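Chemist: here's a sequence, model it:
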Amino acid sequence: MKPLPKKILVLLAAGGYLPGLAGCGKHGDPDTTSEQKDPPVAYFTPDPGEVWKYKVQKEIPIEFRLSEADAALRPQRTDTAHLITFEQVRTCTGKRKIEALGKTLTTIAISENGKVMGEELYQIGPGGILSWGWVPANVKDEEAHLLEEGVAIATSDMQPGQAWESLGSEPDCPFLFRVIEAGRVTVPAGTFQATRIQITSKKISPHPVTGEDHITYLKRSLWFAQEVGVIKEDIVYYGEHHVRVKQRSELVHWVAPPAEPRPETVMVNTAGTEPDTSKAEQPFDSKAEPGE
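Modeler: Residues are numbered from 1 along each chain as shown. A predicted model of the protein is given here:
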């Protein structure tokens, strides 16, 4: 049974955090040449105590050996894959001065099934959301491998068709960010007006056995709702022979601090009816093609 490749472990361990994808270094500025009559406002302004709970479903091909962490989650086994389901909770813990970067950043703590995994670091303002990496649990700030420059993962005025690139510290490690669409999206937490951003990458590296170059790919889609944050996320890792690891996260509960209520216009479903949660029980479509 094959062990999971190192890159899959880095990107998918503990739920596939945003900084895990943005960890290649420098980026190109998003194209924001459109004229604006009014000064832009922050797209996302999390408050201390704000909480997001997600249902995460991971699908790992049966030929890969599970990590100890994944095996501990008691995955279901099919003829082709290990199916793992767990809860991820993100909590805004406020802002903290990161001495290594000389910046005060917004911190979001991450836990999975009650186990604290670490904190994501973001710079958030009218220009958009920059990721500066994350600090794993039990690791000091000065010992964490943070980014040399913040990577833009969303902008306040993003529109379908807009694109930008994270060039990375190596020529063969680019990340392309592209705004795909905007519209109403339903998840277990409700129906939101959201924008979908797709991030893709291609990496050429020597095969561990033959030494010949081979290509691996990553595709990630994030659905952002203004002032709510990420409501849905899909990750697909694939390479030679179409071997894939998939992961889907959907928002099931969102709690904003009572002192800072969110505008009712953020949620499309404001009639007081219970949201349709039937989609939450549908398995990840293992037949979907990488380009979909």
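
Chemist: was I right to think K203 contacts I215?
Modeler: Yes. Assessed by Cβ atoms under 8 Å, K203 is found in contact with I215 at 7.1 Å. Glycine gets a C-beta too; all of them are placed from N, C-alpha and C.

Chemist: who has more neighbours out of these two?
Modeler: K203 (17 against 11; other Cβ atoms under 10 Å).

Chemist: okay, now the unreliable bits of the chain?
Modeler: 1-41, 167-173, 204-214, 240-241, 243, 259-292 (pLDDT under 70).

Chemist: show me where it has helices.
Modeler: 6-12, 18-21, 68-71 (DSSP state H).

Chemist: and L105, what does it touch?
Modeler: Contacts for L105 (Cβ atoms under 8 Å, 6 or more residues apart in numbering) come out as 95-96, 98, 121-123, 132.

Chemist: which among the residues you listed count as buried?
Modeler: Neighbour counting with 16 or more other Cβ atoms under 10 Å marks 95, 98, 121-123, 132 as buried within these.

Chemist: can you redo the contacts of L105 as TSV with distance to G190?
Modeler: As requested, the contacts of L105 are exported to TSV (distance: Cβ to Cβ, whole Å):
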residue	distance to G190
K95	28
R96	31
I98	34
L121	28
Y122	24
Q123	28
W132	30
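
Chemist: of all the residues you listed, which comes closest to R248?
Modeler: Within these, the smallest distance to R248 is 22.5 Å, found for Y122 (Cβ to Cβ).

Chemist: so what's the residue lying closest to E59 once chain neighbours are set aside bridging to?
Modeler: With Cβ to Cβ, 6 or more residues apart in numbering as the criterion, E59 has its nearest non-adjacent residue at 4.4 Å, and that residue is K246. Beta-bridge pairing for K246 (DSSP bridges): E59, V236.

Chemist: just give the number of residues close to K246.
Modeler: Residues near K246, counting by other Cβ under 10 Å: 21.

Chemist: correct me, but it touches K58?
Modeler: Yes. Counting by Cβ under 8 Å, K246 touches K58, with 7.2 Å between them.

Chemist: next step: the contacts of L105 restricted to strands.
Modeler: 95-96, 98, 121-123, 132 (DSSP state E).

Chemist: please, where are all the strands along the stretch 51-200 of the chain?
Modeler: 51-61, 64-65, 76-77, 81-98, 103-112, 115-125, 128-136, 151-154, 163-166, 175-187, 190-206 (DSSP state E, counting those that start in this stretch).

Chemist: make a markdown table out of those and add distance to R220.
Modeler: Formatted as a markdown table, those follow (distance: least, Cβ to Cβ, whole Å):
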| stretch | distance to R220 |
| --- | --- |
| strand 51-61 | 14 |
| strand 64-65 | 19 |
| strand 76-77 | 24 |
| strand 81-98 | 15 |
| strand 103-112 | 17 |
| strand 115-125 | 15 |
| strand 128-136 | 13 |
| strand 151-154 | 10 |
| strand 163-166 | 12 |
| strand 175-187 | 9 |
| strand 190-206 | 4 |
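
Chemist: between those, which gets nearest to E250?
Modeler: strand 175-187 (4.5 Å).

Chemist: and that closest one, what does it pack against?
Modeler: strand 151-154, strand 163-166, strand 190-206, strand 213-225, strand 229-238, strand 244-255 (3 or more Cβ pairs under 8 Å, 6 or more residues apart in numbering; DSSP states H and E).

Chemist: give me that answer again for 6 Å
Modeler: Here strand 175-187 touches strand 163-166, strand 190-206, going by 3 or more Cβ pairs under 6 Å, 6 or more residues apart in numbering; DSSP states H and E.

Chemist: distance to Y43 added to those strands, as TSV?
Modeler: Listed next are the helices and strands packed on strand 175-187 as TSV, based on distance: least, Cβ to Cβ, whole Å:
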stretch	distance to Y43
strand 163-166	15
strand 190-206	9
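
Chemist: out of these, nearest to L66?
Modeler: strand 190-206 (22.9 Å).

Chemist: tell me what that closest one is packed against?
Modeler: Right, strand 190-206 is packed against strand 175-187, strand 213-225 by 3+ Cβ pairs under 6 Å, 6+ apart.

Chemist: who wins for proximity to H253 among these?
Modeler: Comparing the helices and strands packed on strand 190-206 by Cβ to Cβ, strand 175-187 comes nearest, at 10.3 Å.

Chemist: residue contacts, G118?
Modeler: 110, 134-137 (Cβ atoms under 6 Å, 6 or more residues apart in numbering).

Chemist: out of those residues, which end up buried?
Modeler: By 16+ other Cβ under 10 Å, the contacts of G118 give 110, 134-135 as buried.
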